[in-house]
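Novice: Give me a 3D structure for the following:
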Amino acid sequence: MPYSLDTILQLENSTDFNRLHQQFHQFNPLKVLRVDQYEIRHSNVLAWLFDPNENHRLGSFFLRKVLMNLVTKADNEDKINSFDYLSFLHTSLSDVVVHREWSTNGHGSIDLLIEIPSLKTILLIENKFHSAESEGQLDRYLTSVTTRYSEWKVLPVFLTLSGEPPSHDAYWMLAYEDVLQIILQELDLNKETIADSIYDFLNYYVALLEEQLVEDENTMQMAMRLYQNYASAIHLIYANAYQNTNRQKQIELREAVAVLQELSSTEREHLTKFYAKKSKTIDYIFKMGSNILYQSFLSFAEKQKLPNHLYRPHAKVPNFISPQWEPYLENMEKLGSSYWIGYGMIIWFSREWNQDLKIHVEVGPINYTDRLKLLEALRDQGISFRPSGMLEGKKYTKIYVATTPVSDWTDTACVERAMASLVTSSGYKELETKVLDVLSSLYTPVTP
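Specialist: Presented below is the predicted three-dimensional model:
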């Protein structure tokens, strides 16, 4: 790749770059306070929301909604019978006590610990906004709390940005997407009764969460174009900004690191100052452009000969439909842009917390009569899934998951091979055939 400093000027002069930079630098007082960058500050906001006696004057809405979300979340289905969850609906929660950085006496501090005397329940929340759990951490925390509150029920929660599963089986799963939806619902339903200052604060916090969680397709594509057109400039700026760190060891930056050694101190200082002004924009472009999952999926789709309309190379959850299923899915209820690529079923890949690659197959939110008929037929074919997936009101039912280790997440070819191995495994092929049999029995194929 040819490197030239004038490409940095071309990047700075690009309309797309300036539009993207403007998008990342909209005023938000929470960003000024750097709430978005520090886990502890998110915990402070959550502690404020959880406390019904705080000055938000919203009462126990947030705590009650979180409790109900934990119970109705499919990932927690196997744990709900241990709790009298119907009491969450009507019990007064005004006696709640919220603790921040609760000490475990030498074993670390728990982010949030909430005493709910009226339910005789302790809510233990380990908050992982950007960080990962350390070895044995969840077990130490749970042991400390159950020892201290031996007469109480303890509900341990693992709260993460992207809904990663905890390493400890006792922990319930909660994602910041759930937090976002709870706040949005409150803002939508009670706008007239929420104090203006509180409404504005919550809107700023919503914007902050949406920036982290909502991957706008147009924004991603803009970042991809900038990366493709100005990769050498992005690499030089990024490598210079993260000198003497592990980030410089990424495959994409090796050539840029070598070029940096030939630059004068003045030239490198210019790169440093440019990055200081445009850091979030540069970081985002590099993250999107060098996204291994995205690039690997493009290679996967090409090798699997997937038609363009049957896949989407998303940065976090690249997804597709089996071409064998398409003629039948065309006669199933279409869901449009509200559900993946619009069909009533979907397959996607994700990178797991332990660095495995995972494949998911799901039945989506088609109308309940058709959905129940489909799920019953799948069950009769021997495809197993959680029984609650057939209940009215459930929108999403996973019918297959599998994982495989990835030896090198910096190698696009290695990740692509892992994807291919998941869709050529005997388990997946068996599922694909069974689903095809079910679809062909329920729907007439649409011929091209």
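Novice: Share the number of residues neighbouring Ser337, please.
Specialist: 8 (other CB atoms under 10 Å). Any C-beta I mention is one placed from the backbone N, CA and C, and that applies to glycine too.
Novice: before we move on, what SS does it have?
Specialist: Following DSSP: H, G, I helix; E, B strand; the rest coil, we place Ser337 in the helix state.
Novice: residues making contact with stretch 126-144?
Specialist: The set of residues external to stretch 126-144 that reach it, using CB atoms under 8 Å, 6 or more residues apart in numbering, is 39, 42-43, 46, 104-105, 107-108, 110-112, 124, 154, 156-161, 164, 166-168, 170-171, 176, 353.
Novice: typo on my end, stretch 350-357
Specialist: Residues outside stretch 350-357 that contact it (CB under 8 Å, 6+ apart): 132-133, 164-165, 167, 293, 316-317, 349, 358, 360, 403-406, 409, 415, 418-419, 422.
Novice: Would you mind listing the buried residues in that stretch?
Specialist: Ser350, Arg351, Leu357 (16 or more other CB atoms under 10 Å).
Novice: Can you convert these into TSV and add a column each for distance to Asp84, pLDDT and secondary structure?
Specialist: Output for the buried residues of stretch 350-357, formatted as TSV (distance: CB to CB, whole Å; pLDDT from 0 to 100; DSSP: H, G, I helix; E, B strand; the rest coil):
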residue	distance to Asp84	pLDDT	secondary structure
Ser350	34	90	strand
Arg351	37	85	strand
Leu357	39	94	strand
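Novice: re the thing from before, can you flag which of the contacts of stretch 350-357 belong to helices?
Specialist: The helices, defined by DSSP state H, take in Leu293, Val415, Ala418, Met419, Leu422 from the contacts of stretch 350-357.
Novice: What helices and strands are in contact with the biggest helix by length in the chain?
Specialist: If you go by DSSP H, the chain has its longest helix at helix 265-289. Helices and strands touching helix 265-289, by 3 or more CB pairs under 8 Å, 6 or more residues apart in numbering; DSSP states H and E, are helix 6-12, helix 15-24, helix 217-229, helix 231-241.
Novice: Let's see that with 6 Å instead.
Specialist: Applying 3 or more CB pairs under 6 Å, 6 or more residues apart in numbering; DSSP states H and E, we find helix 265-289 packed against helix 15-24, helix 217-229, helix 231-241.
Novice: Need the buried ones from the contacts of stretch 350-357 selected in ChimeraX.
Specialist: Here is the ChimeraX command that selects the buried residues among the contacts of stretch 350-357 (16+ other CB under 10 Å):
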select :133,164,167,293,317,349,358,360,406,415,418,419,422
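Novice: thinking again about what came up before, just the contacts of stretch 126-144: which are in strands?
Specialist: Judged by DSSP state E, strands contain the following of these: Ile110, Asp111, Leu112, Leu124, Val154, Pro156, Val157, Phe158, Leu159, Thr160.
Novice: okay, and for the chain, where does confidence drop off?
Specialist: Under the criterion pLDDT under 70, the flagged ranges of the chain are 1, 26-39, 130-132, 213-217, 247-249, 251, 353-354, 448.
Novice: which residue is nearest the middle of it?
Specialist: In the chain, the residue lying closest to the centroid (CA atoms, centre = their mean) is Ser162, at 2.6 Å.
Novice: who's in contact with Ala241?
Specialist: Applying CB atoms under 6 Å, 6 or more residues apart in numbering, we find Ala241 in contact with Tyr275.
Novice: how far away is it from Ala231?
Specialist: 16 Å (CB to CB, to the nearest Å).
Novice: any idea which element Leu202 lies in?
Specialist: Assigned by DSSP states H and E, Leu202 falls within helix 196-213.
Novice: Report the buried residues of that helix.
Specialist: Across helix 196-213, burial judged by 16+ other CB under 10 Å covers Tyr199, Phe201, Leu202, Tyr205, Leu208, Leu209, Glu211, Gln212.
Novice: now swap in stretch 390-408 and tell me
Specialist: By neighbour count on 16+ other CB under 10 Å, the buried set for stretch 390-408 is Met390, Lys394, Thr397, Ile399, Tyr400, Ala402, Val406.
Novice: and Glu54, what does it touch?
Specialist: By CB under 6 Å, 6+ apart, the contact set of Glu54 is Trp48.
Novice: for Tyr238, same thing?
Specialist: By CB under 6 Å, 6+ apart, the residues touching Tyr238 are Phe286.
Novice: before we move on, what about Tyr443?
Specialist: Tyr328, Asn331.
Novice: measure it to Met390 for me?
Specialist: Noted for Tyr443: a distance of 19 Å to Met390, by CB to CB.
Novice: what's the closest of the ones in helices among the contacts of stretch 350-357 to Gln304?
Specialist: For the ones in helices among the contacts of stretch 350-357, the minimum distance to Gln304 (CB to CB) is 8.6 Å, reached by Met419.
Novice: Distance check, the closest residue to the closest one other than its chain neighbours against Thr412.
Specialist: In space, Met419 comes closest to Phe300 once its chain neighbours are excluded; the distance is 4.4 Å by CB to CB, 6 or more residues apart in numbering. Per CB to CB, Phe300 is found 10 Å from Thr412.
Novice: In terms of neighbours, single out the busier of the two.
Specialist: Set Phe300 next to Thr412 and count neighbours by other CB under 10 Å: Phe300 wins out with 25 against 21.
Novice: right, and the more buried one touches Arg417 too?
Specialist: No - in this structure Phe300 lies outside contact range of Arg417 using CB atoms under 6 Å: 9.1 Å.
Novice: rewinding a little: please give the centre-to-centre distance between the longest helix of the chain and its chain.
Specialist: Taking CA atoms, centre = their mean, to the nearest Å, one finds the center of helix 265-289 at 26 Å from the center of the full chain.
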